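Peer 1: sequence-free structure coming up:
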């Protein structure tokens with residue numbers, strides 16, 4: 001939600017600019033939210049070694065998977081440096 005608009009104002013804006021009714025917009029919002037929650041869980045399971053890289057690539061895409069791998073390696077290197085000083 002925007003810092004300046006209420007949900008009601010945002011809904012009214014979306015109805016006006018898209019020409020869609022409120023139930024349609026709400027259904028789209030729920031679908032997008034569920035998609036995001038699903039992706040977050042897949043990534044979490046991947047980082048825990050419980051989902052394959054192939055599966056994570058199917059769900060979030062190769063570029064996003066590459067970014068996650070890079071971030072994980074960077075965090076692991078930071079932890080190693082903090083513990084061992086290397």
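Peer 2: Structure received. Bear in mind that the values here come from a model prediction, so they are computed numbers and not experimental data.
Peer 1: hey, let's count contacts and neighbours off CA atoms from now on
Peer 2: Fine.
Peer 1: where does the most centrally placed residue in the chain land in three-state SS?
Peer 2: Residue closest to the average C-alpha location in the chain (Cα atoms, centre = their mean): residue 36, at 4.6 Å. Three-state call for residue 36 (DSSP: H, G, I helix; E, B strand; the rest coil): helix.
Peer 1: mind listing what it touches?
Peer 2: Listed by Cα atoms under 8 Å, 6 or more residues apart in numbering, the contact set of residue 36 is empty.
Peer 1: separation between it and residue 23?
Peer 2: Using Cα to Cα, to the nearest Å, residue 36 is found at 20 Å from residue 23.
Peer 1: and for residue 59?
Peer 2: To residue 23, residue 59 is 27 Å away according to Cα to Cα.
Peer 1: so for these two, which sits in the more crowded spot?
Peer 2: Under the neighbour definition other Cα atoms under 10 Å, residue 59 and residue 23 were set side by side, and residue 59 has more, 16 against 9.
Peer 1: quick one, helices of this structure?
Peer 2: 7-18, 22-47, 53-60, 62-84 (DSSP state H).
Peer 1: so of those, which one's packed in deepest?
Peer 2: helix 53-60 (a mean of 15; mean count of other Cα atoms under 10 Å).
Peer 1: quick check: mean pLDDT across that helix?
Peer 2: Average pLDDT, helix 53-60: 97.
Peer 1: show me how far that helix is from its chain's centre.
Peer 2: In terms of Cα atoms, centre = their mean, to the nearest Å, the centre of helix 53-60 is found 13 Å from the chain centre.
Peer 1: so what does it touch, helix or strand wise?
Peer 2: Under the contact definition 3 or more Cα pairs under 8 Å, 6 or more residues apart in numbering; DSSP states H and E, helix 53-60 sits against helix 22-47, helix 62-84.
Peer 1: what's the least confident stretch among those helices?
Peer 2: Across the helices and strands packed on helix 53-60, the lowest-scoring stretch is helix 62-84, with a mean of 94.
Peer 1: that helix vs helix 22-47, what angle?
Peer 2: Orientation of helix 62-84 against helix 22-47 (axes from the mean of the first three to the mean of the last three Cα atoms, to 10 degrees) gives an angle of 50 degrees.
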